Structures are given as structure tokens and as C-alpha cells.
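In: quick check, what structure comes out for this input:
(6 chains)
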There are 4 protein chains.
Amino acid sequence: MSPKPDVSEERTEQIIEAALKVFAEHGVEKARMEDIGAEAGLSKATLYLYFKTKDVLIGVIMRRLFASMLHGFRVPDTGEGAVKEQLRQFAARLVAELRRMQPLLPLLYEFYAMGLRKSAAREVLGEFVAEFIAILAPVIGQGVASGELRAVDAEKVAIALGAMLEGTLLLWAFAPERVDLEAQMLYGTELLLSAL
Amino acid sequence: MSPKPDVSEERTEQIIEAALKVFAEHGVEKARMEDIGAEAGLSKATLYLYFKTKDVLIGVIMRRLFASMLHGFRVPDTGEGAVKEQLRQFAARLVAELRRMQPLLPLLYEFYAMGLRKSAAREVLGEFVAEFIAILAPVIGQGVASGELRAVDAEKVAIALGAMLEGTLLLWAFAPERVDLEAQMLYGTELLLSAL
Amino acid sequence: MSPKPDVSEERTEQIIEAALKVFAEHGVEKARMEDIGAEAGLSKATLYLYFKTKDVLIGVIMRRLFASMLHGFRVPDTGEGAVKEQLRQFAARLVAELRRMQPLLPLLYEFYAMGLRKSAAREVLGEFVAEFIAILAPVIGQGVASGELRAVDAEKVAIALGAMLEGTLLLWAFAPERVDLEAQMLYGTELLLSAL
Amino acid sequence: MSPKPDVSEERTEQIIEAALKVFAEHGVEKARMEDIGAEAGLSKATLYLYFKTKDVLIGVIMRRLFASMLHGFRVPDTGEGAVKEQLRQFAARLVAELRRMQPLLPLLYEFYAMGLRKSAAREVLGEFVAEFIAILAPVIGQGVASGELRAVDAEKVAIALGAMLEGTLLLWAFAPERVDLEAQMLYGTELLLSAL
DNA sequence: CATGAATGAGCCTTCATTCAT
DNA sequence: TATGAATGAAGGCTCATTCAT
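Out: This next block holds a predicted model:
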């Protein structure tokens, strides 16, 4: 209807992507709105047409990042395959996802750090963890119910698995020469599975 | 030799402690040299007599933090007790250590994030991981050698255990209402032990 | 002549009224063109079709305000009534006018302040003062001529009366709990009249 | 005691004077902190060591200005001279004071305008008016008590006189070619006095 | 040794104004 | 005529760092 096409969604996306890139590269605090604008091919002032403050932009990026991670983890149509097989596939998917996200790792940990200071950020992270558990626990619970697994505490096992995977990522991030991300994640997963 | 007692070490310590506190409270980037000085009961300018720049101070604090953590983890005189028992004790010590460090958690994650950007920081973290492995792997290796454990890859298991513990800390930090740090760490440890 | 009705005058009026309102509410400097547009139900850019710059718009508003004030003051068909009575009526009309303009008072004083800096604004104010005198002096002169009043300097008296009324407004504006605008203006007028 | 003399009071004064000048010249809103710094021979950042924000600085300047005006007005040792004579002297002092303050007039009116918007500023102005009345009313009251003057309402007369003087200033400011400040103030004062 | 004092370099945010459609 | 979109130019405020005393 309008004489001009509405570019606002496009711009928003454009800015988010630019911000994601700049944040990942320079860190959230060091990233200047000007840089983000430049990366997006827009002027600094234009950013403020789409995001009221830098903090708002940070929040959006953060939510995006975790949502995208969760999306990658989600178990697709939990068929009837053996539970252990499903968990293996989950780990494999995670590995793939993390490989994709590797350049965003520093940003991820910045958000982790932020989550421990700003309640707004913590909320997002809390939901992330809850989602994570909500994905794994039922699968394990199913295995217990069907007798495929020992009578373990499904939620605790889910957390242990998630923790091990998350922790492996961390150790690998700091000592890639000591830790082979993929092999280690799969090995750790097998280890845990053998205990079920 | 000097007619006046050398207060330099004392001052250095004083500043480090103040900085640790201020960093933990406000975050590394938000912490102002002025705040640190105030906390130490010194003037902002005086800090520069002991630390050339804020970055240097950050580095020292970081090293301190990880050294202190490692110190807490180190297995004391690995007696000949069963390996599994030693690992249980390790986990227990870690839990205790983490409880002590709880107020420093945000700072810890800030350093993690930093480690992914600044090579100087990464080095410290890499050593930390290496140390971590160096503490656990031999114990596990011993267990394998003595036949107490299955013929597992000692290093990989050490990493898996460390990862799980580290990851549990993270999940707990963001969802303390879903994760009971102590119970979960011990549970996860048992789970892994039962796989060995 | 144009096939479409010329809305230009209507729009201009619409904008002026919106600007007057926004200026009065937020102050001239704080008022944003965007706000004025919003108040007028127009887009910010549209304002520029009718006023080249914000300064031009300010100038127009300023002229409007003073013209409207003068209009309210003007002595209607100075009958032959006693001069003192006419001056009383003038004061009464002024009081009424000021009551109507009360919400615009901050704006009025902003224009006063502006008048002392920008020559364009000063001009408007100079004319305002001249007009003010031009209204009162002849009436007083008449009274002197007719012998109703002492042989005073009509212009000086006019200025004194105007000044007193204007000054009363100021004092009342800042200390309404100490000054009753209407009573004080009438009292002051009587005081002056009793000196004529 | 300190190895260095405390320059803080000197600096504060230095900055206030610079700010007064820059505010008077460019207007409060247009004045940039940088300009004030330059005028004071200091860097912009240094200003913030002595004044937390620009608003605080504005407030201090405003208070200064009115305090200084009041100081100039204050009746010195109200001798027993005839009341009318005292009021004449008051007017004369005011004229002198205003001549001294002439360059600050635009600033004065800016503060008047501000007083109608910001409660903090209004407070200062309210006190100013109250002080003004508190200076004049007692003198007039004395005259009434002693029988020198008619039985007038001392406070109302004080306000009327103050208003006339204040108003004269305004009219003169905008039409100096029509109004002779000194002559007009004294004329207006005489007019009022002749009514008492 | 200590520090009061000062500042250069930055960064976020705002807004009057422009222009393609 | 109307406007959505964009921006250049500012300006307030902060802070790590320096240095004379």
C-alpha cells in the first residue's frame, strides 16, 4: 500500500547479523555501535531507528544465539529407536552444531558471564538450561520406563550428560591441542551411556 | 638494607585483594581503577606504582584465581586407597572449593570469555586445563594399571570427568533451582565411576 | 484553480498549533520536530514542506504569541469614559488575557530570553513593547490634555504601568503563594492611578 | 599538610566564572562543556572533577546570580532617614546593580524561563522573590507605622514597586531606544512614592 | 612512596534536516 | 503533497593513564 516497501524487517535482520559478527569479533563491550553500523552498511544513527539502545541490541543477539543453539539440539521426532542411539545422535548433532558456532564461542562465554551479573541475561540462560533438560530428560525417562536403561534418575542423568558436553566444549576451547572436541564428546557420551 | 621497611609486597597484595573484590562485584570491564584504589585504601595513582596497566592487573588476578582453584583440587599425597575413592574425594574437594569460590563465579566466567579472545589469557587457561588433566589422568591411569578399572583411556576419562564437573557448575550457575550443585556433582561422578 | 483544494493554509495552521502546544509543554529547545509532527498528525518530514527550518517555525510561533497578546490588550474603541476608568479596564483585560495564556507563560519567558540573544527575536519583542506603549500612552496623554490627570509624562507613565503589570506577572509566576496575580495587578494599577 | 596546596576551591571558582561567561554569551543550552573548559583554561574532563553534571553547574551558577543580585539590593543599615528616601536609594542601588549585570541579562531571563519548567530552578526563584519582598515590605511598613506614609498594604506596595522595577528592566531590555533604564526606573519609583 | 590534579581519547545517544519514492 | 528512511554533526559524560609535588 505504501509507496515504499517496508524495509524495517530486512534492516533489523541486517543489523542483527552485523552486530552478531562484530560482537563475536571484538567482544560485546568493545564493540562500538559505529562498527556495527559500518558492518551493516548503515550509519550509526540508523541503528537507533531499530534498536533503542545498545543493551537492547545485546539482549536480542543473546536470545538469538541461544534460540539458535537450542534449535540445533532439539531431538527430531523421537522415533522408537533405542534410547542410547537417540542420545548418541543428540551428541552428534551437538557436535555439528558447535562446529557451526565455533566463531561465536567467545560471544557465548561472554553471555555466560553476563548471565551471572544481569538478571535479564540470567533469565535467558535459565530458560536455556531448562530447555536443555527438557529435551534430554524425557528421552532418558523413556529408556528407564521401557527397561532399556537401569533405574536411574532421568533428570540427573540428563544434567550430567549436558554438563559433560558443555564442559567438554569449555576444555576444548582452552586447550584444543589437548582435547579433540568431536572424539572427546562422543567418548564421554559413550562412557556415560555405558553407565546407564 | 633500605632504611624503610619494604612495603612493596604488602601493597601489591593489598591491591590484588582489592581488585579481586571489585572485579568480582562489578565485573572486570566495569571495575574502575578508582574503585580498586578506594577498596585498597590507596589512591588510584598509587596502583600504577605496582601494576603498569589495568590489563596487567587483570592478568595477575586471573592467574591468582586459577592457581588458587588448582591448589584446591590437587590430590594430596595420593595414598594407595582405591582409585574410585580418590576420585570421589577429588569431586568432594572440588565441591567444597567451588562453594568457597561462589562469589567469584561471575569473574571466573569473565576470564573464560577473555581466554577466548586474548592470547595471554588463553595461555593461563590452557595451563589450567593441562594441570587439571595432569592431576586426574595419572590417578585413573594407575587404576587401569592396577586392574581396579576397565582398560579405559585415562586421559579421555579424566577430561570427561573434568568436563562433567565443570559443566555442572555452569548449569547450576544458571539454573540453581533445577540443579543441586553438590548432589549433582556427586551423582555425575558416581555415574562416570560406574562406567569405569 | 488547482484541481485539488489547497490544504496548505490549513496544514500551516495545524502545524503552528501543534508547535505552540509542544513548545509550551517541553520548551523550545527540547521540543523535537518529531514531537511537533506527531502532535499535528503529520510526519516530521512534512513539517519541512511548510517551514524551512525549526528556527523559522520558532519565529512564526513567537510572532503569533505576541500578536495574540497585543490583540487581547488593545483598547476597544476608546470611548469618552474617564481615562482612569479606561486604564482600569485595560488592566482588567490584561488580567483576563494572562489567565488565558497561563500555560504559555514558560514559553513567553523563553522568548524573552531569546529576544536578548537573537536579533530576529529582539525585533519582534521591540515591536511588542512599542505597541504596548502605543496603546497606553495616547490614553494617558488624553487624560492629561483633558485635565483629568496631572501633567505627567504620558509615555513614561505608560511604561511604568506596563512595567508594573509585566513585573507583577513575573513575581507571581515564581511565587504564586506570595502574590495574588489579579488582586496585585489591580492594586498596583490603583496605586499608580492615584498618583496621576 | 598535603604536599600540594588545595586548589579545589580556586578551580571551582575558576570554572564558575568561566561558565558564567560562556552561559551569558551563548546561552545555557548552547554552551558546551568544552567551551566552558576552554574558557577556564581547563580540559572538559576536568570540569567533571568539580561538578558532577552540567545541570549541577547550571544550578550553581543560577544560585550565584540571584544571590549576587540580592546582595546588591539589600538595604544597608536602614537608618532613620525618611522611608521615601530609603526607597529612592533602593531604586538607585538597583539601577547601579543592573548596570553592572547588564551582560548577564540574557542569562537572567533564561533562568526565569527555566524557573517555570524545572522545580529546582523555581525554588531558587521563589526564594529570590520572597527575599525581594522581605527587603522592601518592612521598610514600607515602617513608613506606615510612623505615619510618614498613607495606610497602605506594605507587602502589596512592595510587590508593586518590585514589579515595576523588574518590568522596567524587561521593557528596556527589548526597547532600549524607547526606554531609558535609569530615568524610567527613577520616574516610576517617584510615581509610586507620590501615591503613598 | 603517594597522590591530587589533569586530560586525551572515546563512546553512546540525539536530532534537525534531507531525499527517494 | 506526504513520508519512511537515513545520516552528519554534536554533546555529555567516563576512564585509564600521567605527572608534578
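In: can you pull the pLDDT of residue A:126?
Out: At residue A:126, the model reports a pLDDT of 93.
In: name the element it belongs to?
Out: helix A:119-146 (DSSP states H and E).
In: may I see the buried residues of that helix?
Out: A:121-122, A:124-129, A:131-133, A:135-144 (16 or more other CB atoms under 10 Å in any protein chain shown). For every residue, glycine as well, the C-beta is placed using N, CA and C.
In: try stretch A:173-181
Out: A:173, A:174, A:175, A:178, A:179, A:181.
In: and of those residues, the nearest to DNA strand F?
Out: Nearest to DNA strand F out of the buried residues of stretch A:173-181 is residue A:174 (CB to the nearest atom of the strand; 25.0 Å).
In: please name the nearest non-neighbouring residue to that closest one.
Out: residue B:125 (3.9 Å; CB to CB, 6 or more residues apart in numbering or on different chains).
In: go on, residue A:113?
Out: Nearest to residue A:113 is residue B:109, by CB to CB, 6+ apart, at 3.9 Å.
In: wouldn't that neighbour be in contact with residue A:112 here?
Out: Yes. Look at residue B:109 against residue A:112 with CB atoms under 8 Å: they come within range, at 4.9 Å.
In: so what's in contact with those two at the same time?
Out: Here residue B:109 and residue A:112 share the contacting residues residue B:173, scored by CB atoms under 8 Å, 6 or more residues apart in numbering or on different chains.
In: tabulate the buried residues of stretch A:173-181 (TSV), appending pLDDT, secondary structure and distance to residue C:190.
Out: Shown next, in TSV, are the buried residues of stretch A:173-181 (pLDDT from 0 to 100; DSSP: H, G, I helix; E, B strand; the rest coil; distance: CB to CB, whole Å):
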residue	pLDDT	secondary structure	distance to residue C:190
A:173	93	helix	88
A:174	92	helix	89
A:175	93	coil	94
A:178	93	coil	98
A:179	95	coil	96
A:181	95	helix	94
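In: next, format these as JSON lines and append distance to residue C:150.
Out: Below are the buried residues of stretch A:173-181 laid out as JSON lines (distance: CB to CB, whole Å):
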{"residue": "A:173", "distance to residue C:150": "97"}
{"residue": "A:174", "distance to residue C:150": "99"}
{"residue": "A:175", "distance to residue C:150": "103"}
{"residue": "A:178", "distance to residue C:150": "107"}
{"residue": "A:179", "distance to residue C:150": "106"}
{"residue": "A:181", "distance to residue C:150": "104"}
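In: and residue A:191, what does it touch?
Out: B:152, B:157, B:160, B:192, B:195.
In: tell me the spacing between the fourth one and residue A:82.
Out: Spelled out, it's residue B:192. As judged by CB to CB, to the nearest Å, residue B:192 and residue A:82 stand 21 Å apart.
In: ok, these two, which is more surrounded?
Out: residue B:192 (24 against 13; other CB atoms under 10 Å in any protein chain shown).
In: so where's chain A shaky on pLDDT?
Out: A:1-5, A:75-80 (pLDDT under 70).
In: which residue does it bring closest to chain C?
Out: residue A:49 (11.6 Å; CB to the nearest CB).
In: give the buried residues for whichever strand or helix holds that residue.
Out: Per DSSP H and E, residue A:49 falls inside helix A:44-50. Buried residues in helix A:44-50, defined by neighbour count with 16+ other CB under 10 Å: A:47, A:50.
In: so what does that helix touch, helix or strand wise?
Out: With contacts taken as 3 or more CB pairs under 8 Å, 6 or more residues apart in numbering or on different chains; DSSP states H and E, helix A:44-50 sits against helix A:8-26, helix A:33-40.
In: would you convert those into JSON lines that also reports distance to chain D and mean neighbour count?
Out: Below are the helices and strands packed on helix A:44-50 laid out as JSON lines (distance: least, CB to the nearest CB, whole Å; neighbours: other CB atoms under 10 Å in any protein chain shown):
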{"stretch": "helix A:8-26", "distance to chain D": "25", "mean neighbour count": "17"}
{"stretch": "helix A:33-40", "distance to chain D": "20", "mean neighbour count": "18"}
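In: quick one, what contacts the most centrally placed residue in chain A?
Out: Nearest to the geometric centre of chain A sits residue A:69, at 3.2 Å (CA atoms, centre = their mean). Going by CB under 8 Å, 6+ apart, residue A:69 touches A:97, A:101, A:128.
In: care to break chain A down by domain?
Out: With domains defined by automatic domain parsing, chain A comprises A:1-51, A:63-193.
In: so which of those domains is nearest DNA strand F?
Out: Closest approach to DNA strand F among these (CB to the nearest atom of the strand): domain A:1-51, 2.7 Å.
In: tell me which of the buried residues of stretch A:173-181 is nearest to residue B:167?
Out: Closest to residue B:167 out of the buried residues of stretch A:173-181 is residue A:173 (12.4 Å), distances taken as CB to CB.
In: name the element residue A:70 belongs to?
Out: Counting by DSSP H and E, the element that carries residue A:70 is helix A:54-73.
In: following that helix, which helix or strand shows up next?
Out: Per DSSP H and E, helix A:54-73 leads on to helix A:83-101 as the next helix or strand towards the C-terminus.
In: returning to what we had before: for the helix holding residue A:49, C-alpha coordinates in PDB please.
Out: The C-alpha atoms that make up helix A:44-50 are tabulated as PDB, following Å, rounded to 0.1, in the frame of the first residue of the first chain:
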ATOM      1  CA  LYS A  44      25.500   4.600  13.500                       C
ATOM      2  CA  ALA A  45      22.400   6.700  13.900                       C
ATOM      3  CA  THR A  46      20.300   4.400  11.800                       C
ATOM      4  CA  LEU A  47      20.800   1.600  14.200                       C
ATOM      5  CA  TYR A  48      18.900   3.600  16.800                       C
ATOM      6  CA  LEU A  49      15.900   3.600  14.500                       C
ATOM      7  CA  TYR A  50      15.700  -0.200  15.000                       C
END
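In: that helix close to DNA strand F?
Out: Yes. On the criterion CB under 7 Å from any atom of the strand, helix A:44-50 is in touch with DNA strand F at A:44, A:45, A:46, A:48, A:49.
In: nearest residue to the second one in space, please, no chain neighbours.
Out: By that I understand residue A:45. Closest to residue A:45 by CB to CB, 6+ apart is residue A:37, at 7.9 Å.
In: just confirm that neighbour contacts residue A:46, I think it does.
Out: Yes. Applying CB under 8 Å, one finds residue A:37 in contact with residue A:46, separated by 6.5 Å.
In: interface residues of chain A facing DNA strand E?
Out: So far as CB under 7 Å from any atom of the strand goes, chain A lies against DNA strand E at A:3-4, A:30-34, A:44-45, A:48, A:52-55.
In: go with 6 Å
Out: A:3, A:4, A:32, A:33, A:34, A:44, A:45, A:48, A:53, A:54 (CB under 6 Å from any atom of the strand).
In: need the contact partners of stretch A:39-51.
Out: Against stretch A:39-51 from outside (CB under 8 Å, 6+ apart): A:8, A:11-12, A:14-15, A:17-19, A:21-22, A:33-34, A:36-37, A:57, A:60.
In: against residue A:122, how distant is the closest residue in space to residue A:66 that isn't next to it in sequence?
Out: Distances taken as CB to CB, 6+ apart place residue A:128 nearest to residue A:66, at 4.6 Å, with adjacent residues excluded. From residue A:128 across to residue A:122, the span is 10 Å (CB to CB).
In: any residues in contact with both of the two?
Out: residue B:174.
In: and residue A:6, how many neighbours does it have?
Out: 9.
In: which one among the contacts of residue A:191 gets closest to residue B:65?
Out: residue B:160 (24.2 Å).
In: the closest one: how many residues sit nearby?
Out: 28.
In: my guess is it contacts residue A:184. True?
Out: Yes. Assessed by CB under 8 Å, residue B:160 is found in contact with residue A:184 at 7.2 Å.
In: and for the two, which residues touch both?
Out: What both residue B:160 and residue A:184 touch, as defined by CB under 8 Å, 6+ apart, is the set residue A:168.
In: and the nearest residue to residue A:180 once chain neighbours are set aside, what does it touch?
Out: Nearest non-adjacent residue to residue A:180, counting by CB to CB, 6+ apart: residue A:172, 7.6 Å away. Taking CB under 8 Å, 6+ apart, we find residue A:172 in contact with A:179, A:180, A:181, A:184.
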